[in-house]
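K.L.:
how does the following fold in three dimensions:
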Amino acid sequence: MIRYYMIKAYLNASHYVVFDGKRGDVHPHTWEYVAKVYTSGKDVVKFSEPERAVMSIFEPYQNKVMNEQPPFDAINPTLENMTEYFATQITTAVEPYGYHLRTFEGSETPVRTYGVEFPEVTEEIDDLSGDEVEAALGRLGGNIGK
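P.N.:
Numbering: from 1, shown residues only. So this is what the prediction gives:
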């Protein structure tokens, strides 16, 4: 069985972006991030543990100008760069609890979302899902199609 949580976090901060050598204005956002973390272990860790791990990633950035905070003082804090950076941080943060990050999405507006998926995790889940389907079919036995 694969168990997962969808953990939402909100980051209230400001940033500016630089495109073609031109710096934009500092402006605020409430970014929404959604982490889908799963475990295939037999025991489910309390929701509060992976949730706390995910939330701790965003805390240092709350109510700050992203461009003034590492690593965004060196990389352009675009939606894409921020989402990819936070995904790597969350991957490490949830592992001690037996969870793995499968997908991670960041939204800067309700209609603009950028996401990343971890193919190696997806393949592992697909392999486990097939085993679960076979096990379920085995339990149903001769009742299929009747």
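K.L.:
quick one: low-confidence parts of the protein?
P.N.:
Within the chain, the stretches with pLDDT under 70 are 1, 41-45, 120-146.
K.L.:
do that again at 90, thanks
P.N.:
In the predicted model of the chain, residues 1-5, 38-50, 97-99, 118-146 satisfy pLDDT under 90.
K.L.:
which residues in it form strands?
P.N.:
Taking DSSP state E to define them, one finds strands in the chain at 3-15, 18-19, 22-23, 27-39, 100-109, 112-117.
K.L.:
ok, which of those comes nearest residue 58?
P.N.:
Residue 58 sits nearest to strand 3-15 of all those, at 4.9 Å, using CB to CB. For glycine as for every other residue, the C-beta is placed from the backbone atoms N, C-alpha and C.
K.L.:
can you list the buried residues in the closest one?
P.N.:
For strand 3-15, burial by neighbour count (16 or more other CB atoms under 10 Å) applies to 4, 5, 7, 9, 11, 13, 14, 15.
K.L.:
including distance to residue 68, could the residues you listed go into a markdown table?
P.N.:
Listed next are the buried residues of strand 3-15 as a markdown table, based on distance: CB to CB, whole Å:
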| residue | distance to residue 68 |
| --- | --- |
| 4 | 35 |
| 5 | 32 |
| 7 | 26 |
| 9 | 20 |
| 11 | 15 |
| 13 | 10 |
| 14 | 9 |
| 15 | 9 |
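K.L.:
correct me, but residue 77 touches residue 66?
P.N.:
Yes. At 4.0 Å, residue 77 counts as touching residue 66 under the criterion of CB atoms under 8 Å.
K.L.:
overlap in contacts of these two?
P.N.:
residue 15 (CB atoms under 8 Å, 6 or more residues apart in numbering).
K.L.:
tell me the bridge partners for residue 7.
P.N.:
Note on residue 7: beta-bridge partners by DSSP bridges are residue 35.
K.L.:
which ones are touching it?
P.N.:
For residue 7, the contact set (CB under 8 Å, 6+ apart) comprises 34, 35, 36, 37, 50, 51, 54.
K.L.:
is it true that residue 106 touches residue 33?
P.N.:
Yes. Using CB under 8 Å, residue 106 is in contact with residue 33, at 5.1 Å.
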